[in-house]
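got a predicted model here, sequence first, then my questions.
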Amino acid sequence: MDYQKLFYIFSTLSELGEEVTSVRNFQHTIRTSLHMILGTLSVARGAIFAREETQNQLSLLAAKGLKKGDPEHLLLPPETEAFLGGNPGIFPFRGHKPEIRNFYESNPVLFKRLRVMLGVPLQVKGEWIGLICLGPKLDEASFSSMDKNVLILLGHHIANAIYSQRLIEALNVKVNENQKMVENLRFIYDDTIRAFAAAIDAKDSYTRGHSNRVAQYAVAIGKELGLKDEILEGFYVAGLLHDVGKIIVDRDIINKKKHLTTKEFTEIMEHTRAGYQILSTIRFPWSDVPLMAKSHHEKLDGKGYPDGLKGDQISLGAKIICLADAFDAMTSQRPYRHRLSFEGTLKEIRKNINIQFEKRIVTAFFNVLKKEIEGKLYEQKIIPNLDEHFNPQVIHSLLELTILELS
Amino acid sequence: MRNFKVTQENRGGVVLFKLQGYLNDLGGEEVERLFKVSVKEGQRKFIIDFGKIAYINSIGVSFLVGIMDATREKTLKVCFTSLSKINDELFDMVGLKKYAATFPSDTEALAYLKKV
């Protein structure tokens, strides 16, 4: 063999190696590989098939010389499957082996159209995974031993490409299964937390749905502040569980219609520390959920509880939960007082800026309310909960004025 | 690499395909497709001009083998023109020159096809 032919074969091998290791799609790689084989051996017709273990057939991956409507599978008689699984190497289709004759007769359309001459079983790690079928050479000459050696080399690359694709497909199936499992766990997790929040609220006959509303308001404020989804998820969970410490407080105190005594108020205040202790035992993916529960009654001026923290000592999440909690408390009927009107609540919040509530958080919250009134949000999360007929123009002006003052 | 172009002209009953660029990926399938469409339309004489072809690999050869396969079945006449030395040697090596006459230019190929 001359150097030119060797160079041509090596070029093809090199290009095929590059092709099968590229990130192109599998179909493209297999079609390209087939054309490389055909061009290297001067063959006009051929096809590459992948073995389908469960169905006793081979499925067509790429072909040249077939027509539209031709079958896309090769039926595989059991004796042929056994023969090909026995690592027979390259075999002629025109021989007298009954395993191959039966194979040919089971698939007359495809094999006649390909004018099939040669079969090249594809194996990886001893496993038979596919088959290359080739028609005659352009000059009808027999395939030389060099042709067959080249085919073995090229076939090895193609077998590896098919094997890798199978691994990728199997991996994708596993990834999808795992994703579904994670989603299911997520649903269970969400449902559990919501059920827990409902149980907390059920202790107080006046605060049904309170935790859920606080969670929604906190997320709306965080979103307006431009915080990431992962952080908002933490706010949502913290909103649902911020009052979990109330399970240690006597139900009679929570539902008491008269003003609380100092002792009773001290017991109520304890719910923040108790909440922190309970939530600290849970491995949340969001680190500050227990802290948000602990500090949601702290005030910027240091007159809150349980630790009397001031300004920046209070986490952003706790400040947001604080505003969401206060807004819902003011707009809800309580055993010891009537609810405030929407307008009255907004004025009360405004009055407490820099005392209890941080300026930028109030601005964000008022912006959300303004957008809800203007119908600019896809879904209203706050106003429908108010259950109140209010004058939107009055509220809108109040919100606009406050936002302007705060800017 | 999609740096391959093929144009088609009819020169008095002879279909002339002018190829340009790299005949080294599946983009080269276009020349075989156009050839088969012309055959279906009744054309029998063809020139394939390789004057502006920079590189041909085994994929490109497979499309030309496909064309030659069709030629043999239907007694068609195909000429190759403007082959560089390296492509001339390549076509000789892969056996394509057994089925197509080669000429230095389209003019000479046209003159030959008008006689046969």
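Received the coordinates, thanks. Numbering: from 1, shown residues only, chains lettered A, B, ... in the order given.

quick one, phi/psi of residue 40?
Just so you know, I chose chain A. The phi and psi torsions at A:T40 (degrees, to the nearest 10) take the values phi -70, psi -40.

right idea, wrong chain: chain B
phi -60, psi -30.

next one: it, what pLDDT does it get?
Note on B:K40: pLDDT of 92.

then A:S205?
Listed pLDDT for A:S205 reads 69.

what's the distance between A:A161 and A:L61?
Using C-beta to C-beta, to the nearest Å, A:A161 is found at 10 Å from A:L61. Every C-beta, even on glycine, is put in place using the N, C-alpha and C of the backbone.

could you tell me which residues touch both of the two?
By C-beta atoms under 8 Å, 6 or more residues apart in numbering or on different chains, A:A161 and A:L61 have these common neighbours: A:I30.

OK, contacts around the residue of the stretch 151-300 of chain A found nearest chain B?
Nearest residue of the stretch 151-300 of chain A to chain B: A:L154, at 9.6 Å (C-beta to the nearest C-beta). Residues counted as contacts of A:L154 (C-beta under 8 Å, 6+ apart) are A:T12, A:L13, A:L16, A:S33, A:M36, A:I37, A:T40.

quick one: which of those residues is nearest A:R251?
A:S33 (74.5 Å; C-beta to C-beta).

roughly how far apart are the closest one and A:A195?
Remark: distance between A:S33 and A:A195 (C-beta to C-beta) = 56 Å.

over to A:L406?
Using C-beta to C-beta, A:L406 is found at 38 Å from A:A195.

who has more neighbours out of those two?
Neighbours per residue (other C-beta atoms under 10 Å in any protein chain shown) separate A:L406 from A:A195, with A:L406 holding more: 14 against 10.

so how far is chain B from that one?
58 Å (C-beta to the nearest C-beta, to the nearest Å).

grab the nearest non-local neighbour of that residue.
A:T363 (4.7 Å; C-beta to C-beta, 6 or more residues apart in numbering or on different chains).

touching the longest helix anywhere in chain B from outside, list them.
Criterion DSSP state H: the longest helix present in chain B is helix B:58-74. Residues from elsewhere that reach helix B:58-74 (C-beta under 8 Å, 6+ apart): A:8, A:11-12, A:15, A:32, A:35-40, A:42-45, A:64-65, A:138, B:23-26, B:28-29, B:31-32, B:35-36, B:39, B:44, B:48, B:76-78, B:90-91, B:94, B:96, B:99-100.

quickly list what the residue nearest the centre of chain B is bridged to.
Taking C-alpha atoms, centre = their mean, the centroid of chain B lies closest to B:I48, which sits 3.2 Å from it. Beta-bridge pairing of B:I48 under DSSP bridges involves B:F17, B:F80.

ok, it to chain A distance?
Using C-beta to the nearest C-beta, we find B:I48 at a distance of 16 Å from chain A.

for that residue, what are its contacts?
Neighbour list for B:I48: B:F17, B:L19, B:V31, B:L64, B:I67, B:V78, B:C79, B:F80, B:T81, B:A100 [criterion: C-beta under 8 Å, 6+ apart].

nearest to A:D252, of the residues you listed?
Distances from A:D252 to those, taken as C-beta to C-beta, are shortest for B:V31 (90.8 Å).

doesn't A:L232 make contact with A:Q216?
No: with contact defined as C-beta atoms under 8 Å, A:Q216 does not reach A:L232; the gap is 10.8 Å.

quick check: residues of chain B near chain A?
Contacts of chain B with chain A, taken as C-beta under 8 Å from any C-beta of the partner chain, map to B:24-26, B:57-63, B:65-66, B:68-69, B:89-90, B:93-96, B:98-99.

let's test this: name the helix or strand in chain B with the lowest mean pLDDT.
helix B:58-74 (a mean of 91; mean pLDDT, DSSP states H and E).

look at residue 1 and report its pLDDT.
No chain was given, so I picked chain A. A:M1 carries a pLDDT score of 55 in this model.

meant chain B, my bad for not saying
49.

got it, and A:A50?
pLDDT recorded at A:A50 is 95.

can you tell me how far it is from chain B?
Between A:A50 and chain B the computed distance is 20 Å (C-beta to the nearest C-beta).

and A:R339, by the same measure?
The spacing between A:R339 and chain B, counted by C-beta to the nearest C-beta, is 69 Å.

is it true that that residue touches A:D328?
No: with contact defined as C-beta under 8 Å, A:R339 does not reach A:D328; the gap is 10.2 Å.

those two: which has the busier surroundings?
When A:R339 and A:D328 are compared for neighbours, A:D328 comes out ahead with 23 against 17, by other C-beta under 10 Å.

and the more buried one, that one's in a strand?
No: if the criterion is DSSP: H, G, I helix; E, B strand; the rest coil, then A:D328 is helix and not within a strand.

measure it to A:T207 for me?
With C-beta to C-beta as the criterion, A:D328 and A:T207 are 8 Å apart.

likewise for A:L41?
Distance, A:L41 to A:T207, by C-beta to C-beta: 81 Å.

where does the stretch 1-150 of chain A have low pLDDT?
Scanning the stretch 1-150 of chain A for pLDDT under 70 picks out the ranges A:1.

tell me the contacts of residue 46?
Went with chain A since none was named. By C-beta under 8 Å, 6+ apart, A:G46 lies in contact with A:L34, A:I37, A:L38, A:A63, A:K64, A:G65, A:L114, A:I132, A:C133, A:L134, A:G135.

wrong one, chain B
If a contact means C-beta under 8 Å, 6+ apart, then B:F46 has B:V14, B:V15, B:L16, B:F17, B:F35, B:S38, B:L76, B:K77, B:V78, B:C79 as its contacts.

sec struct for it, please.
Assigned with three-state DSSP, B:F46 falls in the strand class.

re earlier: so which of the contacts of B:F46 sit within helices?
Secondary structure from DSSP H places B:F35, B:S38 of those in helices.

now A:L58: phi and psi?
Torsion angles at A:L58 (phi, psi; degrees, to the nearest 10) stand at phi -110, psi 140.

same thing with the one 5 residues further on?
Backbone torsions for A:A63, taken as degrees, to the nearest 10, come to phi -150, psi 150.

ok, it to B:D88 distance?
Counting by C-beta to C-beta, the gap from A:A63 to B:D88 is 31 Å.

which of those two has more neighbours?
A:A63 (20 against 14).

quick check, nearest of the contacts of A:G46 to chain B?
Nearest to chain B out of these is A:L38 (C-beta to the nearest C-beta; 4.0 Å).

the closest one and A:G65 touch, don't they?
No: with contact defined as C-beta under 8 Å, A:L38 does not count as touching A:G65 (9.0 Å).

which residues do the two both contact?
Common neighbours of A:L38 and A:G65 (C-beta under 8 Å, 6+ apart) are A:A44, A:R45, A:G46, B:G66.

can you add secondary structure and distance to A:K299 and give these back as CSV?
Supplementary listing: these in CSV, determined by DSSP: H, G, I helix; E, B strand; the rest coil; distance: C-beta to C-beta, whole Å:
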residue, secondary structure, distance to A:K299
A:A44, coil, 85
A:R45, coil, 84
A:G46, strand, 80
B:G66, helix, 82
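
heading C-terminal from the helix or strand hosting A:G39, find the next helix or strand.
Using DSSP states H and E, A:G39 maps to helix A:26-41. Going down the chain from helix A:26-41, the next helix or strand is strand A:46-52, by DSSP H and E.

tilt between that next one and helix B:58-74?
Counting by axes from the mean of the first three to the mean of the last three C-alpha atoms, to 10 degrees, strand A:46-52 lies at 110 degrees to helix B:58-74.

name the residues of strand A:46-52 that are buried.
The neighbour-count check on strand A:46-52 (16 or more other C-beta atoms under 10 Å in any protein chain shown) flags A:G46, A:A47, A:I48, A:F49, A:A50, A:R51 as buried.
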